[in-house]
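**Student:** need a 3D model of the sequence below.
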Amino acid sequence: MLTDDDCGVTEAWMRGWNEAKRRLGFRVFGVGIGAPRVAAAGSVLAALCDNLRSVEDFTDVHAAADLFRVI
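**Tutor:** Reported below is the predicted structural model:
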């Protein structure tokens, strides 16, 4: 899932999203790249994802390692 977080979702849409995740048995892993606000608490991406990470610099080996460790 990719987003710049310049969007919103309604409560009804979120209920449907969460019901679909429960019914189909899937989880969503998200990565916010380069913009800390995208992965901040209260962001749309945070609301949609079960596991959300933020990476500002892919040359940081520790940040990249964290992503692969979680996946």
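
**Student:** what about the residue positioned nearest the centre of the chain, which helix or strand?
**Tutor:** By C-alpha atoms, centre = their mean, the mean C-alpha position of the chain lies nearest to Gly30, the distance being 3.0 Å. Gly30 is part of strand 29-33 when elements are defined by DSSP states H and E.

**Student:** for that strand, name the packing helices and strands.
**Tutor:** Applying 3 or more C-beta pairs under 8 Å, 6 or more residues apart in numbering; DSSP states H and E, one finds that strand 29-33 contacts helix 44-48, strand 51-55. (C-beta placed from N, C-alpha, C; glycine too.)

**Student:** make a markdown table out of these and add mean pLDDT and mean neighbour count.
**Tutor:** Formatted as a markdown table, these follow (pLDDT from 0 to 100; neighbours: other C-beta atoms under 10 Å):
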| stretch | mean pLDDT | mean neighbour count |
| --- | --- | --- |
| helix 44-48 | 86 | 17 |
| strand 51-55 | 82 | 16 |
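
**Student:** remind me, longest helix of the protein?
**Tutor:** In the chain, with assignment by DSSP state H, the single longest helix is helix 11-24.

**Student:** quick revisit: from the chain's centre, how far out does the strand holding Gly30 sit?
**Tutor:** What separates the centre of strand 29-33 from the centre of its chain is 5 Å, taken as C-alpha atoms, centre = their mean, to the nearest Å.
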